[in-house]
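1. got a structure for you, letters missing:
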């Protein structure tokens with residue numbers, strides 16, 4: 001909507017979730033049924049998070065939240081799950097300088113509870129206590145990715 005529509009009043013920014021869906025999912029319990037036996041200590045759990053986005057049209061963007069959770073070590077995997085959970089978002093009337101942070105912070109924040117529930121259900125259905133992933137600070141994740149990109153750009157531009 002242009003500034004002249006609505007009597008010269010600019011429309012407020014908006015974000016709408018058009019769809020949410022599971023793109024890819026994997027759950028592995030490679031040592032079952034031995035992995036279900038009581039252990040002396042709980043296995044270490046690591047969770048890696050990433051966010052990808054791609055434009056589908058001028059206003060529609062697909063955002064994919066990637067979660068990779070592993071219990072155990074490289075040599076002794078108790079379980080391993082990977083999920084790619086996505087949503088299509090219609091974003092309108094957002095200034096260009098605010099679009100990337102909105103897409104990479106707010107969109108995955110909206111997707112996270114649904115992906116978290118799928119992981120919890122899968123680990124429970126796999127015979128383990130449900131893995132309830134702690135809330136993710138998407139602002140910090142975004143800032144880390146910006147810093148990595150800047151460092152990579154500096155390293156690529158540095159003379160050898």
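-> It's in. Given the structure is predicted, the values throughout are model-derived calculations rather than measurements.
2. the residue nearest to the spatial centre of the chain and residue 59, how far apart?
-> Closest to where the C-alpha atoms of the chain average out (CA atoms, centre = their mean) is residue 65, at 2.4 Å. Separation of residue 65 from residue 59 (CB to CB, to the nearest Å): 20 Å. C-beta: built from backbone N, CA, C; applies to glycine.
3. touching the least confident helix or strand in the chain by mean pLDDT from outside, list them.
-> Taking mean pLDDT, DSSP states H and E as the measure, helix 138-157 is the helix or strand of the chain with the lowest mean score, a mean of 88. Applying CB atoms under 8 Å, 6 or more residues apart in numbering, the contact partners of helix 138-157 are 49, 51, 101, 104, 105, 106, 108, 109, 112.
4. possible to save these as TSV with secondary structure and neighbour count?
-> As requested, the contacts of helix 138-157 are arranged in TSV below (DSSP: H, G, I helix; E, B strand; the rest coil; neighbours: other CB atoms under 10 Å):
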residue	secondary structure	neighbour count
49	strand	17
51	strand	21
101	helix	15
104	helix	20
105	helix	17
106	helix	16
108	helix	26
109	helix	16
112	helix	19
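5. tell me which residues of the least confident helix or strand of the chain are tucked away?
-> 138, 141, 142 (16 or more other CB atoms under 10 Å).
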